[in-house]
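Engineer: the following block contains a protein sequence and its predicted model.
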Amino acid sequence: MSPFTSLTRLLPLALVLSAAPLVAEPAQLVFQNGRSIPLSSVDFVQDKVLIKTTAEGFGAGQSFPLTAVSHVFGDRPAELNQAIALLLFDRHKEAIELLEPLLAAHRVSAKIPGNFWIESARTLLVCYALTGDADRCTQLGKDISDATPAQGSDPFVSLGKALLMPASASPEDREVALKDLTAEEMPADVAAYASFYRSRLLKEQKKNAEALQAMLAVPCLYPSGGLILNAVAEILAADLLAGLNRRDEATTLVNSALRVTQGTILTDEANKRLESLK
């Protein structure tokens, strides 16, 4: 059985996993006793939680030990979905404009379980790497690693280094650096991003069959890497399939992507493909 056949047989699972709705709820800080307060109403000062504004029965000026906090509750912010979509369609400046204030708003929760700062920061790190901003990429990588001390250097630091490789580096070296990040021991989101950008690099080299396999690996082999990342990979894989005159398969992928595109540029991108595939 060819690797491509194996990937296409995994598509039904990927389609199911990518069909979950994207409904954003404001982030709440949840205490051990079950009470909660909007994240925007708190700050962290050393080892204490400080209530900045009166909300949910808490008074401004109250403080609690950090050990009183259980986790952050809520859905991933809607602007994060849009930022990831913009990033993956090379609209880096627009993505950064959404991500930088998002990081500022969620920075206080960076070390609290269930926070949204980590995912936002990792997405911004990819943006900085792709725009060649090595200084900000390096600093943000340190900040992320500080927020996730149990695993040492965060794996996204390695992804950033691979994406920062200069254009003067050979395409082969850049492709190998990304392929190394799809190893089994790597987290799914790192492997998904690495496979995505490896596919783009292979396509630039006119290696379309390999590019298609790498792009399909995103939703098929690393589906937990992210719903929006899966959807973009499906859309771009559909482009490659259409080039091979495999229009039915391309249409299936685009329709799958449409299930999770609400509130992002992907709705228009997917509909454009469907129109061209008629």
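Structural biologist: Sure thing, it's come through. Numbers count the residues shown, from 1 in each chain.
Engineer: now the helices: where do they sit in the stretch 1-150 of the chain?
Structural biologist: 3-9, 11-17, 78-88, 92-106, 117-130, 134-147 (DSSP state H, counting those that start in this stretch).
Engineer: check the stretch 151-278 of the chain too.
Structural biologist: Counting by DSSP H, counting those that start in this stretch, one finds helices in the stretch 151-278 of the chain at the ranges 155-163, 171-180, 188-204, 208-221, 227-243, 247-258, 266-277.
Engineer: closest to G114 out of the ones you listed?
Structural biologist: Of all these, helix 188-204 sits nearest to G114, with 16.1 Å by CB to CB. In this view, the C-beta of every residue, glycine as well, is placed from N, C-alpha and C.
Engineer: please work out the angle formed by the directions of that closest one and helix 155-163.
Structural biologist: Counting by axes from the mean of the first three to the mean of the last three CA atoms, to 10 degrees, helix 188-204 lies at 10 degrees to helix 155-163.
Engineer: state the mean pLDDT of helix 188-204.
Structural biologist: The pLDDT scores in helix 188-204 average 97.
Engineer: buried residues, it. List them.
Structural biologist: By neighbour count on 16 or more other CB atoms under 10 Å, the buried set for helix 188-204 is 189-203.
Engineer: show me the contacts for E185.
Structural biologist: Contacts for E185 were tallied using CB atoms under 8 Å, 6 or more residues apart in numbering; there are none.
Engineer: next: the one 3 residues further on.
Structural biologist: Contacts for A188 (CB under 8 Å, 6+ apart) come out as 222-225.
Engineer: swap the cut-off to 7 Å and go again
Structural biologist: Taking CB atoms under 7 Å, 6 or more residues apart in numbering, we find A188 in contact with 222, 224-225.
Engineer: pull the residues that contact stretch 79-92.
Structural biologist: With contacts defined as CB under 7 Å, 6+ apart, stretch 79-92 is touched by 22, 94-95, 98-99, 102, 116, 119-120, 123, 126-127, 130-131, 226, 228-229, 232, 263-266, 269.
Engineer: how about the contacts of A188 in CSV, adding distance to A242, neighbour count and pLDDT?
Structural biologist: Compiled in CSV, the contacts of A188 are given as follows (distance: CB to CB, whole Å; neighbours: other CB atoms under 10 Å; pLDDT from 0 to 100):
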residue, distance to A242, neighbour count, pLDDT
Y222, 23, 25, 97
S224, 27, 12, 95
G225, 24, 23, 94
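Engineer: from the residues you listed, which land in strands?
Structural biologist: Mapping the contacts of A188 onto strands (DSSP state E) picks out no residues; all lie outside.
Engineer: just the closest of the residues you listed to A150, please.
Structural biologist: The shortest gap between A150 and any of the contacts of A188 belongs to S224, at 19.4 Å (CB to CB).
Engineer: excluding chain neighbours, what is closest to the closest one?
Structural biologist: A188 (4.5 Å; CB to CB, 6 or more residues apart in numbering).
Engineer: and that neighbour, how far is that from C220?
Structural biologist: Here the criterion is CB to CB, to the nearest Å. By it, A188 lies 12 Å from C220.
Engineer: which residues of the protein score low on pLDDT?
Structural biologist: Across the chain, residues meeting the criterion (pLDDT under 70) sit at 1-24.
Engineer: so L240 makes contact with E210?
Structural biologist: No. Shown here, L240 and E210 do not form a contact pair, counting by CB atoms under 7 Å, at 10.4 Å.
Engineer: more crowded one of those two?
Structural biologist: The residue with more neighbours, out of L240 and E210, is L240; 20 against 17, by other CB atoms under 10 Å.
Engineer: how about stretch 28-37: buried residues?
Structural biologist: Across stretch 28-37, burial judged by 16+ other CB under 10 Å covers 28-30, 36-37.
Engineer: hmm, who's touching that stretch?
Structural biologist: Contacts of stretch 28-37 (CB under 7 Å, 6+ apart): 38-39, 42, 55-56, 58, 68-74, 109.
Engineer: now, which of these lie within strands?
Structural biologist: For the contacts of stretch 28-37, membership in strands holds for 38, 42, 69-73, with DSSP E as the criterion.
Engineer: tell me which of those is nearest to K179?
Structural biologist: The shortest separation between K179 and any of those is 34.4 Å, and it belongs to V72 (by CB to CB).
Engineer: so how far is R76 from the closest residue to that closest one other than its chain neighbours?
Structural biologist: For V72, the nearest residue in space outside its immediate sequence neighbours is G114; the separation is 4.2 Å by CB to CB, 6+ apart. Shown here: G114 relative to R76, a distance of 11 Å by CB to CB.
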